[in-house]
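K.L.:
Sequence and predicted structure below; questions after.
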Amino acid sequence: GDLLFGTAGKGIVLGDTSNVAAHTLDFYEEGSWTPGLSSTVLNSMGHNLITTGSYAYRVARWVKIGPMVVISIHMQLTSNFAYDTGASSSTSPVGIGGLPQALGPGVNTNPRFIPGSFIWKEGGSSGTTKTFHARISSFFNPQFIELCDEDSGGVSSLTAGDFIEDSAQFHISFAYVLAS
């Protein structure tokens, strides 16, 4: 059966003999969304970088435990992807919009970067693997996951032509903490 609390503000106390807020697990949520590549130069992430039909698959999941959010994204392009209207191989910065949990006003310094892992496989699963940096940028509105060059220490934005090609795979994961 389910464990339900009769009043709000209650949770499961971990590792303590008294109900101290710092030891209380009082929030858990999970979900998924459909990620897509875009750019802040494409109508503030309002337009797609590549056409919807250019994805062989794309799935993103997230889990929020207390103030921490963990994200995992997996995408693969088809063997004949196409850039969407207004986009090209020189479009930069490239990112993924639609964060399930925004950073919130308490942590929105300009810019705010939270590094993560971004693994790209050239030409699908049998191709060369390269690791880039993924970071959340709250400098832009809406906030988005920006894909950056690892060789620059994660500060240089990638152009679409740096990594978007037929059958490319993207695997992105990281965690970030929301404002309390």
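P.N.:
That came through, no problem.
K.L.:
buried set for the helix or strand harbouring residue 74?
P.N.:
Here residue 74 sits within strand 68-77, counting by DSSP states H and E. By neighbour count with 16 or more other Cβ atoms under 10 Å, strand 68-77 contains the buried residues 69, 71, 73, 75, 76, 77. Yep, even glycine has a C-beta here, placed from its N, CA and C like the rest.
K.L.:
Any idea how far it is from the middle of the chain?
P.N.:
6 Å (Cα atoms, centre = their mean, to the nearest Å).
K.L.:
Quick one: mean pLDDT for it?
P.N.:
Averaged across strand 68-77, pLDDT comes to 88.
K.L.:
just checking, what packs against the helix or strand following that strand?
P.N.:
Per DSSP H and E, the first helix or strand lying C-terminal to strand 68-77 is strand 94-96. Other helices and strands packing on strand 94-96, by 3 or more Cβ pairs under 8 Å, 6 or more residues apart in numbering; DSSP states H and E, are strand 37-39, strand 144-149.
K.L.:
And the contacts of strand 94-96?
P.N.:
For strand 94-96, the external contacting residues (Cβ atoms under 8 Å, 6 or more residues apart in numbering) are 35-40, 45, 49, 60, 73, 137, 144-147, 157-160, 162-164, 172.
K.L.:
Centroid-nearest residue for this protein?
P.N.:
With distances taken as Cα atoms, centre = their mean, the residue of the chain nearest its centroid is residue 145 (4.7 Å).
K.L.:
Could you tell me which residues make contact with that residue?
P.N.:
71, 73, 95, 96, 97, 99, 116, 134, 135, 136, 137, 172 are the contacts of residue 145 under Cβ under 8 Å, 6+ apart.
K.L.:
Now it: closest residue in space that isn't a chain neighbour?
P.N.:
residue 96 (4.4 Å; Cβ to Cβ, 6 or more residues apart in numbering).
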